[in-house]
Structure formats: C-alpha cells, structure tokens
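Sequence first, predicted model second:
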Amino acid sequence: MTTMTLVRALNEGLRAALEHPDVLIMGEDVGRLGGVFRVTDGLLKDFGDERVIDTPLAESGIVGTAIGLCLSGYRPIVEIQFDGFIFPACNQIITQLAKMRARSLGAVTLPMVVRVPFGGGIGAVEHHSESPEAYFAHTPGLRVVACSNPTDAYWMIQQAVRSDDPVIFFEPKRRYWERADVDTAAAPPPLHQARTVRRGTDGTLVGYGPTVRVCLEAAEIAEREGRALEVIDLRSLSPLDIETVRASVSRTGRLAVVHEASTFLGLGAEIAAAITERCFYELEAPVLRVGGYHVPYPPARLEEYFLPDADRVLDAVDQLLTY
Amino acid sequence: MTTMTLVRALNEGLRAALEHPDVLIMGEDVGRLGGVFRVTDGLLKDFGDERVIDTPLAESGIVGTAIGLCLSGYRPIVEIQFDGFIFPACNQIITQLAKMRARSLGAVTLPMVVRVPFGGGIGAVEHHSESPEAYFAHTPGLRVVACSNPTDAYWMIQQAVRSDDPVIFFEPKRRYWERADVDTAAAPPPLHQARTVRRGTDGTLVGYGPTVRVCLEAAEIAEREGRALEVIDLRSLSPLDIETVRASVSRTGRLAVVHEASTFLGLGAEIAAAITERCFYELEAPVLRVGGYHVPYPPARLEEYFLPDADRVLDAVDQLLTY
Amino acid sequence: MGMQIDADESIGESEYGDGVQLLAPDGRRRDHPDYPLRVTAEQCRALYRDMVLTRRLDAEAVLLQRQGELGMWIPSLGQEAAQIGSARAARPGDHVFPAYREHGVALCRGVEPATLMGLFRGVNHGGWDPATHGFHLYTIVIGSQVLHATGYAMGLRKRGTEGAVLAYFGDGAASQGDVNEAFNFAAVFDAPVVFFCQNNQWAISEPNERQTRVPIYQRAAGYGFPSVRVDGNDVLACLAVTASALERARGGGGPTLVEAVTYRMGPHTTADDPSRYRRPEEVELWARRDPIERLRRLLVAEAYAGDDFFAEVRRDADELTAGLRVAVRGMPDPSPEAIFAHAYAEPHPLVQEHAAAALAAIGADA
Amino acid sequence: MGMQIDADESIGESEYGDGVQLLAPDGRRRDHPDYPLRVTAEQCRALYRDMVLTRRLDAEAVLLQRQGELGMWIPSLGQEAAQIGSARAARPGDHVFPAYREHGVALCRGVEPATLMGLFRGVNHGGWDPATHGFHLYTIVIGSQVLHATGYAMGLRKRGTEGAVLAYFGDGAASQGDVNEAFNFAAVFDAPVVFFCQNNQWAISEPNERQTRVPIYQRAAGYGFPSVRVDGNDVLACLAVTASALERARGGGGPTLVEAVTYRMGPHTTADDPSRYRRPEEVELWARRDPIERLRRLLVAEAYAGDDFFAEVRRDADELTAGLRVAVRGMPDPSPEAIFAHAYAEPHPLVQEHAAAALAAIGADA
Ligand SMILES: Cc1ncc(C[n+]2csc(CCOP(=O)(O)OP(=O)(O)O)c2C)c(N)n1
Ligand SMILES: Cc1ncc(C[n+]2csc(CCOP(=O)(O)OP(=O)(O)O)c2C)c(N)n1
Ligand SMILES: [Mg+2]
Ligand SMILES: [Mg+2]
C-alpha cells in the first residue's frame, strides 16, 4: 500500500507496462520533460529513447506512425497532450485505428493505447478543458475508458496496454494531484466493469473520470438531508457496463448521469436510453442528465458556472424526487 | 413545379445560392467534373473558377482555407466527397469552425456550409457509407441538418447558405437519384423545423436523411396490418426540433428512432433521453432505437443486413406494442 | 488548365526534368550514371510477364465489373511499369503499403488475384493477411497508409530488423497533411522507408497543377532526404531506382522519395467518366508511351525472347484470367456473422447483443 | 540531443546558413545585396521603443501571473526583434494571423495590452475584433491558423483587394499537417501570404532536431515558392525581409516562407520548467545575442538617440505597465450570461434552454 497521486499512479502503471519489451511510449514532450503533467516522468531515463519517444508536433503523425509500429509488433502508448489536441488525429483514430482489425478480417491487431488528459476545472486557456469522450465511444472498433482515482489509474492503464484492441484512455486532469493509497498487489476488477463506490437506495448517480468525486460530494450532502444516494463510477465508456447501472436503478428507481461534455449526445443520453429500455417499469422518474451546456467550454473565470457541481447534481436529484 | 432528382434539386439550390456574389463552392472534383455525384454539375462553367474551386486533395486544407475565406468576407460551400473523408477535417471543424465565433465574443462570423453525402446502401467500398452526423451534432457551435427529399434539398441548401452559423449539411446519397416535384416558388419551412410526413396514432417513427423513406415504408406496411404510424422527418439534427417529436409522442405514446449510424450514442439516444424527460407519463413503452450496429460498416454484400429496413422498424414497433 | 502535352513520344528532359530513364520508348537501353542496372534476359522476360499478367488481370476485372460480378474496380491500366518495376525491387522480407490501385504490386507480393478482388466484389474490405505477404491491405482514405508505412519502418529500425518499407501513394495524395507528416517523421527518425509516388497525372478529375506547383519529388529536400524522378513507364528505371532506394534504406540511409511519372490510362474507377475532364489526345499520346510495348521492343530487339515466350505469356494470362473469372464468380457472399466477427479482438457485450439480435432477425426472416 | 551551440556570439553563416543579417551583434549595420534597407534614425528609435514596450509588457504579465492576476502567460522574451521587425513590415490594410506568443505583434497592430491579457486572465478566449486591428485572434491549436491565413489571402486575391497576409507559427508547428497543407494551398492558388516562422529553437521541451532534419525555411522550395532565413534577433533584417516578402505578395508574386532564427529566453509558459530539458549555458549564450541590446548599440553608435530618448522610452514603458496593471486588476469577471451569448449567431433553442436553466440556478444560489 503506497500513497500516491493519480499522476504518480499512472507513472507507476506505465513503468510496470514498460517491463514488456514491446511497449513504447510516444508523444509530445513525453521524454525529456516527462510530459506536461509529469505522467511519464523518469521513463526516458529508465527505458531509453528507443522506448520513450519524443515525437514531432503532429498528432495525426503520432497516431499514424503508432499504427505502423503496432503492425511491426509493438504496443505503443500514445500521449495526446491535452483533450483539445486529439482532433488532428481523428482521421487516423476513426478511419484507421478503429477499423483496421475489421478491415483485415481479424488478421491485424492494433494494441494501442491513446492517453488523453480530459476535462475542465484547472483554470486553463481554450482547448485545455475539453471532454471529447463521446466521439470515441460512438466509434465502433474502439474501447474507451476513464479512470477517476489513483488505484484505478494504476491498474487500468496496465489493463489497457494488455488489451489487444485499441483503447482510448481518459485521465481526469483536475484529479491528477489527488492522493490515495494504492494497493499494487490486490487484483483489480476487469477493465470494463463499473464500480459502485457508494451504496444508497433513494437514487443512483453515475459519473466517470472527474465527476465521480462530484457525485460523491452530492451524495454526502444528500445524506445529511436524509437521502441515500448510490454512486457508480462507470470506468468504462465503451463497452458500457450497463448491467451494473441497471441493477442499481432497479433498486433505486431514479438515475442522474453526470459528465462535463455537452449533455446533447453525451454519455448521459446513451445511458438514459439504455436504462429506460431496461428499467421502463422500475423508473420512478426519467433519467436526468447533468453536464456541459451546448456551447464551447467557457473561459476559466466562468468554468465554475459551466462544470456540473454538487449543487447541480442535487437539483437534479430534487427533480427526480418530484416524480 | 418541376420534377427533379435530389441531385438536381441540390444543383438548382446551389445555383440559386451562387447568385449571391460572396458564395463560393470548394472541394475535390467539384469543378470540371461537377462532383462525383454531379451535384455541382455545370456550376464551374456558369460561375467561373473564382467561384467554383477545385482544391488540392486535403480536407483539412479545404475547411481551413474556407474559414479564412469566411474571415475575408466569403460564404464558402465546401464539399466533402464522401462521409468517410470528413475526418481529416475534424480539427478544423471542431476546434476552429465551431468555436471561432464564441472565441471572438461574436466578432467573427463563419457562414460556411459543409456538404457531406452520407449513409450506405449504394454497394460501395469501405469509407463510402458512413454516418458521422452524431460527431457534429454533439459539437457545440455547429448546426447540423439532413435533407431527405428533393424539395427539402432545394430549399435547405439555400437556407444553410444564408445561415450565419456554420452548417454541416448531410445529403442522403442513396436517395440522390430519387425524383419528386419541386415547387421552387412555395415558401419553405424554417431550416430547423421537423416535418410530420405521415399522420398516425399508434406510434411515432422518427427518421432523417435516408431513413425517412424506410420509416414511410414501414408505416405503409403497418397500415395494411391495421396500425397507424406517424412518421417525422427530423430535418435538423442540431438543434433538434424536439417539440414536434414531443407533440407526436404525447399523442401516440410510442416512439422508435431510425438511423444508420451506430445506435450507441447516436441521435436515437439523444431523442430517447429528451423525449423520456418530456413525456415520462405519456410513454407507453420505452423509446426504441433502430440503427447501425456497433461495428464498422460492413462490406457491400452484407449491407442489407446492417442497414435498418422496414422489417427491423416493424420489429421495433411490435416490441413497442408489447408494453 | 489541362496538362501540357509534349508532342514528342519520349519522356525526356523536356517534360520530366531529371526523370531517370533506362529504357527508351523505342526499346533501346539507356545508361544512367547513378543507376548502372544489369539485367538478364530472364529478368526482362519475368518483368514482361508480370506486366502482361497485371494488365490482363485489370482488363478482366473491368469485364467482371461490367457483368456485375464486382461492384467497382480501380483500373491500373498504364501504370504497370511503375508498379512492377518498384514491386520487383522489394524483397520478401520488406513490407509494402499500397494505396488501392496497386494490383501489379499485389500480384508480385503473392496475393491471389481473386482474393484481391474480394473488396471490389464487396465480400470484404481486404481479404489477405498483410503479414504473410509483406503487403498491407489497400487503404482508401487518401494518404493514411503513408504514416503506417513510416511507423512500420520506425519499428524495423528499432528492432534492428533487416528490411525496408515501400509505401505507395498518388499525386493527389501528396497534398494530404498525413503524407507530409510522414515525410517529416521518416526524416526525423531516419526510417527505412521508400515513398513511391505514382504520379499518374490525375487525381480523379484534377490534374497535377491543382495539386502542386512544382514536381512532387522536389518535396523531399525540404524534409531533408533525397528524391528522384523516374520515367514511370520504364520498368527498368523503376526497378533500378526503387532497388537503390530500398538498399539505401536497409543500409541505414533513411528515406527516399521516388516520383514515378506515369499515366492513368483508364477512368479513375469504373464509375468515372474521364471524358468530362480530359482530352482524348492526351490519352492517345500516352498510349504511344505504353510501358509494356516498350519492354516488348527490348525483348525483341535484344532477342531476349521469341514468339514462344510471348505465346506462353499469353497462355499464362489466359489461364490466370480464366481462373480468376471462375474464382470471382464462385466467391460466396459472406455470412451475416461476418458483420460482427472481427470488429474487436476481445469480447464486447454491446456487439454481442447487437449480433444476437441481428442474427435472430435474419434467421427469423430466412 | 541538445542543440549545437556556437561559442561565437554572432549569428553567422556557421550556424544559420544563409540567415540574412543587417545589424551585427555589435550594433553595426551590415549590407545584404537582396535587402538594401534604408532606415531613418526615427524609424530605428520607433523599433527600439516597440521592442522595449513589448519586453516590459511581457515582464509585467509574468508578474501579474505570479500575483494570480493572470491564470497563465506565454512569454515573448527574446523574440522581440522577430516580432517587431516583421509586424512593422505589415501595413494597416494587411491581415495578420498570430499563434499565441506574438505579443509584440499585437502591440504593433494596436491591440490594447490589457485586452490582450483577457484570455490569459481567463475572462475570455480573445477579446479584440480581428477586423478592426487586421489581427486575428490567438490560435492555440498548433498550426490551425496558418490555413486560415492562407484562405484569407486567397480571398484577398479573389476580390483583387490590395493587401497581404502575414501568418505566424513556430518551429514545432512546422511539423503539423495543416501547416504543410497551407504551404501547398498557398502555392497552388498563388495566395498573397507570408509565412513567418519564429524558430525559437524549442517546442516546449523538444529541440529543433526532434521536429525537422533540415532548416525549416528549406521546406518552401518543395512546394514551389521562395523562402529566406533571417537572423531573428536582428530587427532590421526581420523588417526588411518581411517587407520584401509582403511586397512580393501584394504584387501578385505569391507566398514566401520566412524563418526567423531566434530563441525563447523564458519558459514555454509560466507553468513550464525549462531546467528539465535545456542547459543554462544555452540560455546564457542567447542572452548575449539580445535583440534589444543590439539595436541600442546601433542607436548609440550612430547617435540616433541620446539619453533623453532612452529615458523617454523607459517612462513610456513604465506608464504602459502601470496602466496595464491597473487595467488587468480592474478587469471584471464576465457575467455567466457570457457563457451562452456568442456560441451561435442565430437563436438555438437548446442553448436557450441551457442558458435559462443555468442562469436560474446561479440566480437562485446568489
Ligand atoms: C481522404 C480522402 N479524400 C477523398 C477521397 C476520394 N478520392 C478517392 S481517390 C481520389 C483521388 C486520388 O488521387 P491520387 O492520389 O493521385 O491517386 P490515383 O487515384 O490517381 O491513383 C479521391 C479524391 C479519399 N479516398 N480519401
Ligand atoms: C495541436 C496541438 N498539439 C499540442 C499542443 C500543445 N502545445 C502548445 S505549444 C506547443 C509547442 C509549440 O512549439 P512551437 O510551434 O515551436 O511554438 P513556440 O511555443 O515555441 O512559440 C505544444 C506542443 C497544441 N497547442 N496544439
Ligand atoms: Mg493520381
Ligand atoms: Mg518554438
């Protein structure tokens, strides 16, 4: 059991992954600098510049050459420096990375991980607070996960690297510096399994990445008001562990989904649709979504009004309980 | 009243739009060839090569330079040759086109239209049958529409060109050669208004682009079985005219949404979530989604099994009626 | 607009600048100081045979398309020298990344012609195993494969594996960001990759001058690696230039860009109508520069081959096309399960759910 | 790894190849056959003033960031000559597209320093009107603006408007597909655009040799337009070279690429720690090549300016920074309505719905 930040947990997880000789790390500033968030700190020194590669500044080039490296037998872990900079790589991710296995009738395997720090709340300038997960979750052929805490970070990155499918790996950047005890010995749950992080009976809150903590905060406040909310950390966005959510909702009858991306066609929409299909008679209220508004992410001084917080979650809970 | 194909209707609409001297047409093969689908046939000849521009083969370059042309006072209509080739332009569309107005506090206006032939059913090779609309509908700052018939094509393209916001304009490529009488004198409905194309009381089918006809076929079959289905052509995907759908569902109590994109985080998910919020007590059954499976679009010889057809829609209707 | 057409039949300095030529249009060998190619009669015959088989395969595919056996075809007509010359320069251990028109290259890499046609018939998106053939799948999104090729080459270098990569793309593709990023990655990482641009003058309806203001091969210098223009209708020049570039790559010399100047004699695809954008005289001119005829002249002039040989090649081609016809016609439609089988390597519950629902519905209908 | 450092203080042939220099590090004028620049004492003083104001503005912003008044700052320290020289070459009717470090250029284009800081304070994403200043908003996604600049230039040409476009980007940006596509579009459409690359040796932690194998200015030839390398710490050379390129563009001569060799003296941003990746000696060496000091030497040696002038510039800079301090500190937070106000030009029902809900909730809290 070691106490570590989420950054450090990722670093340790990557370090463990790099023990496999085919694993590579690629990206902008991942080597000498150790990444702008220091997630890859020290890895160049310990594994050398054939394994930890500072690339030219070109996201399409990074993902595209990483595909070629997969084809020649490597398992690259690509870092996209910030969420807003993944879009130049969209063509390589959506038309190539996601489809090449199907294209080849299974002959080709692309075991790539694309790491993306995501979400707002760090007071950054434009393009540094985006939540692009729905684009990739909507893309068949990809797996998409998001960690929310150091322990998951440590294990999930290793599981993602072991997956023979491409995995888009979202890291909650505003939680990077949160600490927790990480048990590097205990066996982790499967990568694509959601986790119930708090039990409750009056309603269910679903979050992932940075909003798991928001849900927990809301649940704590609600408890003081005498309401027991269940909180689920999705962990996996594609595939969704919809069964864990369904089981919860079938007990609580009420569900709110919380994320930072626009609610319009965000994960909340999918979960609402899927849960309503599965729990039509058990739902006491429609599934509600608490999330980003349908406008570009605002400047830092306004982000507190944009980001879903415990208040907004509790408003949704109130609304759920009016039904 | 003139009978014309959807291609011809678009051509006529573009021709009308080009009467405004700031309107440009740009893309690959849009000039001399008139586009691979002939949508821009004859426009180079009639408007000259300063207005109708064959560009280098680079989608990011096309959209990026078109943004610059907007800034210098033009209203470019960009053609993406096929749905699967929009992804190299994702960065320019998502981080620039969609956000520049907000970035500039409204000082900058980008009146661009990006035309995209979309959807399957024409027996094409890979990347020529994609349905990427959800990526753009999820992107704040964009407007997204899809026409389904010649009359709408004629009017909607002109309305899109007149919009001061960027519009992603989806064209149902497998309906390109369908004919209809187009009244070029009658005033069209607003661009972002859905249209009820068939009245019914037993359930509502919502489609857009190529699936409107699929819904109509299903409704016709259902009628013979004594079921009256209402069919709505969404026309606009962002913003959604959710009120038209709500009004219908509040009468019919049942809804299925039909599209070709993966149902996972597709438009159907959003509509299901939004309608369940609005019609919780009026829904007799959960909203069902009929659409693409969560795998890459299959080779041509399998597309009949992939594309939602009347049978699959009717299966969903049957299911809706079991509740 | 429209490309400049040289009245002269030859592809000479006037039109192609420094285009390397080892076989003049009249079939005579020419020397080039940098490419002292020695070829045997046998090698020349083999190249001829490859080119004829490629052309016949292509013609057969056009027919099969007309008969509805293929949904679409992308003719390689006219580009046989560029494809065979370059492909025969590669070794079995090299890895080749095609675009989608490289049927001659596919043949050289041992892909069964019928297998190659699977994707045009619409039974799959590419039915061969890239590893087996050292020949990647066709890539339709223009330029994307050039980055894959570069990454593959980076991998070879990283492992210290003997071998080089050969990446094909077109004159239109040279405008894509991905291709230029690939040039830069290859240069920075000294990747053993040969970029082989078949400049067939057209990107669908757009002529060269809509893609670039200067010859494409000149692009490489700005990224810091050498390049060469070659007469793409001269199979010997294509062979020599590509072999030398691959050799250089294998020896640690890094990337090379080869621009092979050739011509797309047919439509862009069987769905295209080139009469809308190019003049018949241009096509006629290039017909007179036919790459196969050029090599035939050499074979005859040098007595490398007699009537027997030509008859044998014809028979081989007849056999190939006859077999192809049967194989393509007999190619069964895939079962609906194939829609779901290969999207993911590991189980995916939503895909399983979708597959179960779809297959049940199909079963119910049947 | 690590860049080669020349022991010599001067930026000469040895390190910068054909880098144009009109002002030697010791402050003496040098001639260059292609750039016969005649500048008056007044012009030199004005350039000096611009550079000093830029530096002081930058230093003040660093302070304001430390004090928490700005969320982040991107220092321009060391790049004043490249920025002022090039910006002063542009006319009011020209249009300039910056990346995000071009504070000196912003100053020249008349953007209020406090306005410039809005985005770093986090009150907006860019608060000036690009049309008013002929100065586009800062663009953070690397390379994207270079295509906008090219399109804008295509528009100027199309309308026959007098004017040219000046596009800024960095050495790292030169690796992006978008920048290379922009080069090609500009060449093909003969767009009146000057691509001004400030090669400040670093892209965050990555040195030039991770981005390119050869000097960046060489890229242009492969796209078919001229380029020139210039000593980026020589304000006169930057002025002359950019003026000549803009003139060429205005006259229908098409694009030019200028590579200004300079140095990022500070961290990448205030959040960066350059000690992790570069040696202090390198920074010290470049400190001795200071662009402002160089021009000061000229002013003194030629008696273009006396103590009065330098004192006046100091006063002006003090005034500017004092005003800036007050203005930035007094800059109010935007109201929550601003989140929704500018996303769309025309009404959008979902945005209206979201705005109503959000503002009601905020109101209820307040
Ligand atoms: C990214 C992308 N954009 C557009 C297309 C449509 N398209 C297919 S082939 C082609 C022209 C390609 O020209 P070139 O690279 O010269 O190759 P050629 O077809 O001449 O062999 C175009 C525009 C595509 N396949 N991919
Ligand atoms: C597309 C994209 N990828 C990554 C980043 C993160 N990033 C910001 S600045 C920078 C380095 C840019 O270097 P250069 O172009 O040389 O400009 P400089 O900062 O030196 O002025 C990087 C990688 C970004 N802003 N945009
Ligand atoms: Mg071509
Ligand atoms: Mg730099």
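That came through, no problem. Numbering: from 1, shown residues only, chains lettered A, B, ... in the order given. Ligands and ions are numbered 1, 2, ... in the order given.

any idea how far the residue nearest to C:Pro130 when sequence neighbours are not counted lies from chain D?
Leaving aside its sequence neighbours, C:Pro130 sits nearest to C:His136 (CB to CB, 6 or more residues apart in numbering or on different chains; 4.6 Å). To be clear about C-beta, it is placed using only N, CA and C from the backbone, and glycine gets the same treatment. Per CB to the nearest CB, to the nearest Å, C:His136 is found 21 Å from chain D.

what lines up beside the strand ranked longest in chain A in the sheet?
In chain A, with assignment by DSSP state E, the single longest strand is strand A:255-262. Sheet pairing of strand A:255-262 (DSSP bridges) gives strand A:203-207 (parallel), strand A:288-292 (parallel).

export the ones you listed to a markdown table and tack on mean pLDDT, mean neighbour count and distance to A:Phe37?
Output for the strands paired with strand A:255-262, formatted as a markdown table (pLDDT from 0 to 100; neighbours: other CB atoms under 10 Å in any protein chain shown; distance: least, CB to CB, whole Å):
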| stretch | mean pLDDT | mean neighbour count | distance to A:Phe37 |
| --- | --- | --- | --- |
| strand A:203-207 | 98 | 29 | 21 |
| strand A:288-292 | 98 | 26 | 22 |
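
do you know how far the residue of the stretch 1-150 of chain C found nearest ligand 2 is from ligand 4?
Per CB to the nearest ligand atom, C:Leu147 is where the stretch 1-150 of chain C lies closest to ligand 2, at 16.0 Å. Distance, C:Leu147 to ligand 4, by CB to the ion, to the nearest Å: 23 Å.

next one: C:Gly330
60 Å.

excluding its backbone neighbours, what's nearest residue 126?
Because you didn't say which chain, this covers chain A. The shortest distance from A:Glu126 to any residue other than its chain neighbours is 4.6 Å, reached at D:His125 (CB to CB, 6+ apart).

Please refer instead to chain C.
Closest residue in space to C:Gly126, ignoring its immediate chain neighbours: C:Leu137 at 3.6 Å, by CB to CB, 6+ apart.

ok, now A:His259?
That would be A:Gly291: by CB to CB, 6+ apart, it lies 4.8 Å from A:His259.

swap in C:Glu259?
Closest to C:Glu259 by CB to CB, 6+ apart is C:Tyr217, at 3.6 Å.

Which pLDDT value does the model give that neighbour?
Turning to C:Tyr217, the model gives it a pLDDT of 97.

Show me the helices in the stretch 101-250 of chain A, by range?
Using DSSP state H, counting those that start in this stretch, the helices of the stretch 101-250 of chain A run over A:133-137, A:150-162, A:211-224, A:242-252.

export those to TSV and tack on distance to chain D?
Conversion of the helices of the stretch 101-250 of chain A to TSV gives the following (distance: least, CB to the nearest CB, whole Å):
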stretch	distance to chain D
helix A:133-137	16
helix A:150-162	22
helix A:211-224	14
helix A:242-252	24
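
Setting the sequence-adjacent residues aside, check what's closest to the residue nearest the centre of chain C.
The C-alpha lying nearest the average C-alpha coordinate of chain C belongs to C:Glu102 (CA atoms, centre = their mean; 2.7 Å). Of all residues not flanking C:Glu102 in the chain, C:Tyr168 sits nearest, at 5.2 Å (CB to CB, 6+ apart).

For that neighbour, grab the count of nearby residues.
29 (other CB atoms under 10 Å in any protein chain shown).

Mind listing the residues bridging to it?
Those that pair with C:Tyr168 in a beta bridge, by DSSP bridges, are C:Phe196.

Show me how chain C divides into domains.
Here the domain parsing of chain C from automatic domain parsing is C:7-334, C:336-366.

what's the most buried one of those?
domain C:7-334 (a mean of 21; mean count of other CB atoms under 10 Å in any protein chain shown).

How about it and ligand 3, touching?
Yes - legend: contact between domain C:7-334 and ligand 3 by CB under 5 Å from the ion is shown at C:170-171, C:200, C:203.

Please identify which residue in chain C comes closest to chain B.
Nearest to chain B, among the residues of chain C, is C:Gly122, at 2.9 Å (CB to the nearest CB).

In the chain, what residue spans correspond to strands?
The chain I'm using is chain A. According to DSSP E, the strands that chain A contains are A:2-5, A:23-27, A:52-54, A:75-79, A:113-118, A:143-146, A:167-172, A:179-182, A:195-198, A:203-207, A:229-233, A:236-238, A:255-262, A:288-292.

wrong one, I was asking about chain C
Going by DSSP E, chain C shows strands at C:95-97, C:165-170, C:193-199, C:202-203, C:206-207, C:227-231, C:256-261.

Now distance to D:Pro113 too, for these, in JSON lines please.
Shown next, in JSON lines, are these (distance: least, CB to CB, whole Å):
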{"stretch": "strand C:95-97", "distance to D:Pro113": "51"}
{"stretch": "strand C:165-170", "distance to D:Pro113": "48"}
{"stretch": "strand C:193-199", "distance to D:Pro113": "47"}
{"stretch": "strand C:202-203", "distance to D:Pro113": "48"}
{"stretch": "strand C:206-207", "distance to D:Pro113": "47"}
{"stretch": "strand C:227-231", "distance to D:Pro113": "47"}
{"stretch": "strand C:256-261", "distance to D:Pro113": "47"}
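
what would those strands look like in CSV with distance to D:Phe185 and mean pLDDT?
Shown next, in CSV, are those (distance: least, CB to CB, whole Å; pLDDT from 0 to 100):
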stretch, distance to D:Phe185, mean pLDDT
strand C:95-97, 26, 98
strand C:165-170, 18, 98
strand C:193-199, 19, 98
strand C:202-203, 15, 98
strand C:206-207, 13, 98
strand C:227-231, 22, 97
strand C:256-261, 20, 98
